[in-house]
Every structure is written in structure tokens, then in C-alpha cells.
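K.L.:
Build me a model:
(2 chains)
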Amino acid sequence: MKPFFITTAIDYTNGAPHIGHAYEKVLADVLARFHRQNGEEVFLLTGVDQHGQKVQQSAEREGIAPQEYVDGVTAKFLALWEKLGIRFDGWAATTADKHKECVRAILTRLWEDKDPATGGSRWIYKAARSGHYSVRQEQFLTDKERGPDGEFGPEWGQVEFREEENYYFRLAEHREWLLGLIDTRSAEGKPFVIPEFRVVELRNAVEKLEGDLCISRPKSRLSWGIEFPFDPEFVTYVWFDALVNYLSFAPGYDPAAVRPPEEFLHLWRTVIHDIGKDILIPAHGVYWPVMLKALGFTDAEMPTLLVHGWWNISGAKMSKSLGNTVDPDMLADRYGSAALRYYLMSDIATGRDADFSEERLVQRHNVDLANGLGNLVNRSLNMTRKYREGSPNQVVIPEDFSAHLAANAAALSEYSRFMREGQVQAGLERLGDVVNRANALVDASAPWKLAKDPDQAERLDGVLTILILSARTAATMLLSVLPEAAEEILRQLALEPDSLAGEIAPGLPEGYRCGEPQPVFPRLELPAPPAA
RNA sequence: GCCAGUAUAGCUCAGCGGUAGAGUAGGGGACUCAUAAGCCCUUGGUCGCAGGUUCGAAUCCUGCUACUGGCACCA
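P.N.:
Purely as a prediction, here's the structure:
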């Protein structure tokens, strides 16, 4: 079976999930479901990033242990994914023993990979750096933190000059290699980053790459992390912990092996990292490929980065400090997870930003799903039952409608192409075409008139057949985005979905009888505005 | 400061050298199988601003403005 491996970013467990977290997971889930529907061996990996200073501080504020704190937040994420129907195959939690061991094994290997010329590690070195340090905020200050008078403001408390030793991962010397990788991938038509306009951004950043990556924090400053295997005075700092989740929770990875095991590579060669634009540069676009190179991955074994945009709120960035975050849990409760999933997939072009609007969420649900697809299914089944007791006769499709099914087949294959490219919105537009074409056919052929004229009996059978087959094709195209609703439609139609291969059945099965219509998408209403 | 990107109908966006497009919202009509849904027709734009190239520019070039992203600087 052809493999398909997709990962999401792991979310930081320092607050409740917002709409952006939900969007990224729904996108991954939809693509995973599409490939699964296409008969592929799919692995979807998602999870949470649980270490770090902010978690440590939040736990202290609440007077509980960090593990207890992250377990609580993690439960919120898991409950939301359950509510939104996110079906994942691997769950990455960075405080899991499996992950800690993997990170430590990787650090050990890189530390012990000695350069014969110098006798030191080829990848990691220890060095002292100095700077201004705020004791109260427990962080080094840059000149950004200086006030207009050039001094550090009172919010930093006591600021002292401090020297600190840390471990560093060599990055800068891999600049040319990374530029070559980016260019080669683009030239081969398999860009390192999708959408392609982000490749330029990444390339610019890589060209200016200098300096190495600090991968440790002294325990005196940060205790909530993975202890360094060869120096217990330090814990692993963010990216060497978080990024490694893609390996530690992937099936078959062995951190000790010089070359990744074939069992693992089988899946890994197809890997797509579904991430937000905020963590492309430098984490996923620079640190990660160099880390993989250090771990013995060849250029052909580098991932593809699928970079999505953000949901803005009335044109403004969503941020906790602005207090304009959107709670996906509340939206799912208010409108149902299907309406939310459909909105998130249909109203943003993958890779770009969009403006979030509850009004638009309701509108898209009502126009596309309730009035469009839902009503098509309902009216088709009603007429089939009313005029043919659920079983249209097997007839030759009337000549003036014969192009209809061919157009549906074309729409289905275009849908597949868009979905393979991660363009879910474009795929859903093809679904809309199938629905609109069928609804137009109802009015053009007027089955209620045909039913009154015995001479038109065969024509009526043909129209009903096309309508039911169209509803089936539409449901087939809805399966990855709204699996439960699509299955309910197929149940009412009493049909299996079409194959995604592009060919569709020319008629109904022998002895076909449709099921009972039941509205699948009741219309939604916006809550009444609060009384003035 | 540098490098990109975006600016087209109320809204979301497509078009990227040859008479301004789609969906949605607004208006009108005919119908009745249906979730008062659907179908047909239709109003609506000096294509951010100013120049230039061209027989012809939303489309190419230059400058400007606004917004977005990235990087850098912040002695």
C-alpha cells in the first residue's frame, strides 16, 4: 500500500486551544482521511509540546506540579480533537518517556559523533556567552528591551551582567547545503515548502543564516525540560525537544541507528509537516533540515512543509493580549463540529490568511450544505419514493442528459487532484459544482411534470437515476471533510461511495431501493444579538 | 532599513497583454419535488494612486500609498 505520513505542529500546553490550533488539525485530518479513502496507508501524528519556562511558571502560579499542569491542558486539547472528529494515529506528548529517551539518544549520538581532526563533536559544542540578565524575569535581555533612554526599564527589576555556558548546535556551516536543497527541490517540482511563495521567504532567511542554535538551558534557570544525557546541569531547550517529536513518535524510528531503519523510512519518505507560517522560519525551515542531516537523513529523505496561514479577527491578528481569540470548543457546541469543520476548510485557501466570521460560518453551512447538498439529497429521495417507490427502473440515460454523469466524473477527478495538493477549498468547490448541476437538472427536467405523463416514464427514471448518482458523487467528495454527514447521506441513498479513481457507475445497482430522506443539515441561525 | 507579497463588485476571491468575471449578499420572474430550500434573469467595479511601454494594460515596467509576512538594525 502506498504510504502517507502527515504531522501537525504540537501545541504548547500553556493555554486553551484556539481556532488556529483547530484549523491546523482539521486540515491534517481531512488530508489524512482523503488519502485513507484513496486506499493508502495513512499515519497522522499530532500532539502537544509540554516543556518550557512558561509551563513551569504557570504551574508555579497555580501551586501544582508542572506535570499535573500540562496533563490538565493536554486533556483540553484531547477533548477538543475528540469533539472535532480528529482521527490521529500517533499522539506526541513531549513529557512521555518514549520521547525523552529519543531526545537523549539523539543528543548522545550527535555528541559522540567526533570530528577526527579536532576530537570534538561534529555537531555540538559548549560555549560561554554573556549579556544582560533580568533576575526577576529569569531571562537574558536584548537591546530590544532597552527603553528610549537606553536603559532597561523597572519592569525588569534587577539587571545584571552575566556569563552563561550553553550547548550549541552547528547551523551556519550548513547554509550552502540548505540553499542547494531548497533549489533542487523546487527544480524537481517538489518544493520543500508549499505554497511555493514561501520558498522565497525561506531562501532569503537562509542566505543570511549565521550563528548556531543554542540547545540548552542551565537547570538553575529552567528545570522543566529533558535533562542532557551527558551533562546533568542542563535541560534541552525548545526546538531540540519539540521538533524531535516527529521522529520519537513515528513508527519504527531508532535514534541509535546511524541510518534510519527502512521500516521507518517507508512512511517517512512521504512525510508532510502541516505547520503555521509562524514556525516556518527558522524552526522548520532551517533548524529541522540541518538536524535531520546530522541524524543521517539524505536529501531525498527531507520532509515537505505544508505551511498554512492564519485566521484573523476583523483583519487583526488573533492574540491573547488583544483578547480577541476565538474558542473552537464554544463554536462546535453552538453550531456543531460539522459546520465548523466545513467552514474552516471551505473559507480559506490553504497557505493564505482569512478573516474569521461567525456570520460567514453560518452562511456557508446554510448555503452550501443545508440549501445545496442537503436539499438535493432530500428532494431527490422524496421524488424517487413518491414517483417510483424508491426504485427507479433501469433505463438508458436520455441523450440530452448524457453529459451530466461525465461532468460529475470530471469533477470527481479534479477534486482528487486538488486534495492531493492540499487545496481543500478548491476540492470543495468541485463538490459544489456537482450539487449545482444536479439542482439545475431538477428544474430543467421538472420530474413532477414527467410523472403525470406516461409517455415520459423512461425520461423520469433517467432523471431520478442521475440525481441519486449525483448525490452519491457529492457524498463521496464530502467524506474526508465531513465523514459522519457523508456517511449519513450514503446511508439514506443506500449506496456505497464512488471510487476516487475517477470513473463513476453509469447506473444504479440491480434491485436498487433508496432509503428514507431525513434532513442531514438543518439550517443554522446566528444567536440573537444581546438586547440593547 | 532590506527582501517578498497583497491591493479587482457590499463581502470572499479568480483573471495576469486583446471589449471587466465567479460565488455570496441586494433586485425581479417563473415553478412546486424539497430543509420557504431550489431554478432562471438581473443591479453592482474610472481593476489602490501617478506615470511609462504598447495598436491595445487589471494584466508588463517605474514611482508612490496602505496593509501583510520574513530578515536585520536599534552604538
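K.L.:
OK, contacts around residue A:65?
P.N.:
With contact set as Cβ atoms under 8 Å, 6 or more residues apart in numbering, residue A:65 has these partners: residue A:59. Backbone N, C-alpha and C define where each C-beta goes, glycine included.
K.L.:
so how far is residue A:223 from it?
P.N.:
11 Å (Cβ to Cβ, to the nearest Å).
K.L.:
what do you get for residue A:168?
P.N.:
As judged by Cβ to Cβ, residue A:168 and residue A:223 stand 21 Å apart.
K.L.:
ok, those two, which is more surrounded?
P.N.:
Between residue A:168 and residue A:223, counted using other Cβ atoms under 10 Å, the more crowded position is residue A:168 (17 against 13).
K.L.:
Name the nearest residue to that one, sequence neighbours excluded.
P.N.:
residue A:212 (4.3 Å; Cβ to Cβ, 6 or more residues apart in numbering).
K.L.:
For the closest residue to residue A:248 other than its chain neighbours, give me its contacts.
P.N.:
Spatial nearest neighbour of residue A:248, excluding adjacent residues (Cβ to Cβ, 6+ apart): residue A:102 at 3.5 Å. Taking Cβ under 8 Å, 6+ apart as the contact definition, residue A:102 lies against A:244, A:247, A:248, A:253, A:255.
K.L.:
quick check, nearest of those residues to RNA strand B?
P.N.:
Nearest to RNA strand B among those: residue A:244, at 20.8 Å, using Cβ to the nearest atom of the strand.
K.L.:
Settle this for me: that closest one is touching residue A:103, isn't it.
P.N.:
Yes. Counting by Cβ atoms under 8 Å, residue A:244 touches residue A:103, with 5.1 Å between them.
K.L.:
Quick check: residues of the stretch 351-500 of chain A near RNA strand B?
P.N.:
Residues of the stretch 351-500 of chain A that fall close to RNA strand B, judged by Cβ under 7 Å from any atom of the strand: A:352-355, A:360, A:363, A:367, A:369-375, A:377-379, A:382-383, A:386, A:436, A:439-440, A:442-444, A:446-448.
K.L.:
Which members of those are classed as buried?
P.N.:
Among those, those classed as buried by 16 or more other Cβ atoms under 10 Å are A:354, A:369-370, A:372-375, A:377-379, A:383, A:439, A:442, A:447.
K.L.:
Pull out the buried positions in stretch A:218-235.
P.N.:
By 16+ other Cβ under 10 Å, the buried positions in stretch A:218-235 come out as A:219, A:222, A:224, A:225, A:226, A:227, A:228, A:229, A:231, A:234, A:235.
K.L.:
measure the fifth one to RNA strand B for me?
P.N.:
Taken as Cβ to the nearest atom of the strand, to the nearest Å, the spacing of residue A:226 relative to RNA strand B amounts to 25 Å.
K.L.:
ok, that residue - contacts?
P.N.:
Neighbours of residue A:226 in contact, by Cβ under 8 Å, 6+ apart: A:51, A:94, A:99, A:100, A:103, A:104, A:235, A:236, A:241.
K.L.:
Which residue, other than its chain neighbours, is closest to residue A:385?
P.N.:
residue A:514 (6.8 Å).
K.L.:
neighbours of that neighbour, just the number please.
P.N.:
24.
K.L.:
now do residue A:177
P.N.:
14.
K.L.:
now residue A:266
P.N.:
Using other Cβ under 10 Å, residue A:266 is surrounded by 14 other residues.
K.L.:
Phi, psi for it please.
P.N.:
phi -50, psi -50 (degrees, to the nearest 10).
K.L.:
Could you check what's spatially nearest to it, not counting adjacent residues?
P.N.:
Of all residues not flanking residue A:266 in the chain, residue A:3 sits nearest, at 6.0 Å (Cβ to Cβ, 6+ apart).
K.L.:
quick one: that neighbour and residue A:39 touch, right?
P.N.:
No. Contact status for residue A:3 versus residue A:39: not in contact, 11.5 Å apart, counting by Cβ under 8 Å.
K.L.:
show me where pLDDT drops low in the stretch 251-400 of chain A?
P.N.:
Applying pLDDT under 70 to the stretch 251-400 of chain A flags residues A:314-324.
K.L.:
How about it: which residue is closest to RNA strand B?
P.N.:
For the stretch 251-400 of chain A, Cβ to the nearest atom of the strand, closest residue to RNA strand B: residue A:374, 1.7 Å.
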